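Peer 1: Below are the sequence and a predicted model for it; my questions follow.
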Amino acid sequence: MMERREFLGHMARATVAGGAALAMGRRAWPLAETPVRLLDDLRSLIRQTREGVAQAVNSALVLLHWQVGHRIRTEILNKTRAGYGEEILSTLSKELTADFGKGYSWPNLSRMVRLAELFADREVVVSLSRRAADCAVDAYQ
């Protein structure tokens, strides 16, 4: 893999050669700064794309967690916290943790159910998750 100094040196040599090419009418880098500006622009593009992907993933996870909590709350717990419901939550947790990892532990499933209790309307959750993602990006910048 090419080191940064080596890359910039290579780009500078290409720029100098490009100056000669420009004089002869061929297409080349118009300014000595162009390779550095290109590198900066590409870095910015990569960072912005990563931030957008992170926002989308976070929003999707919040909605997924709400949906999991909502389904457990309405279909299993019947909007109550009966003793058998806690046992079912434990069983669900064991099965989901085996399939998908620690993110579906009993405490996490309990939080998902609590999320669904606190925000009964799906559209409110969608709106809040988008706003939270926007705030996180603003704080990052």
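Peer 2: Yep, it's here.

Peer 1: So, low pLDDT: which residues of this protein?
Peer 2: Flagging of the chain using pLDDT under 70 yields the residue ranges 1-33, 79-83, 133-141.

Peer 1: which other helices and strands contact the longest helix seen in the chain?
Peer 2: Counting residues, the longest helix in the chain under DSSP state H turns out to be helix 34-71. When contacts are defined as 3 or more C-beta pairs under 8 Å, 6 or more residues apart in numbering; DSSP states H and E, helix 34-71 sits against helix 4-23, helix 106-118, helix 122-140. For the C-beta atoms, the positions are set from N, CA and C on the backbone; glycine is no exception.

Peer 1: Quick check: next helix or strand after that helix?
Peer 2: helix 83-100 (DSSP states H and E).

Peer 1: Against which helices or strands is that next one packed?
Peer 2: Using 3+ C-beta pairs under 8 Å, 6+ apart: helix 83-100 touches helix 106-118.

Peer 1: Can you show me the CA trace of the helix it packs on as PDB?
Peer 2: C-alpha atoms of helix 106-118 as PDB (Å, rounded to 0.1, in the frame of the first residue of the first chain):
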ATOM      1  CA  TRP A 106     -33.000 -10.300  28.900                       C
ATOM      2  CA  PRO A 107     -32.100  -6.800  30.000                       C
ATOM      3  CA  ASN A 108     -32.000  -5.500  26.400                       C
ATOM      4  CA  LEU A 109     -35.300  -7.200  25.600                       C
ATOM      5  CA  SER A 110     -36.800  -5.600  28.700                       C
ATOM      6  CA  ARG A 111     -35.600  -2.200  27.500                       C
ATOM      7  CA  MET A 112     -37.100  -2.800  24.100                       C
ATOM      8  CA  VAL A 113     -40.500  -3.600  25.800                       C
ATOM      9  CA  ARG A 114     -40.100  -0.400  27.900                       C
ATOM     10  CA  LEU A 115     -39.400   1.600  24.700                       C
ATOM     11  CA  ALA A 116     -42.700   0.300  23.200                       C
ATOM     12  CA  GLU A 117     -44.500   1.100  26.500                       C
ATOM     13  CA  LEU A 118     -43.200   4.700  26.500                       C
END
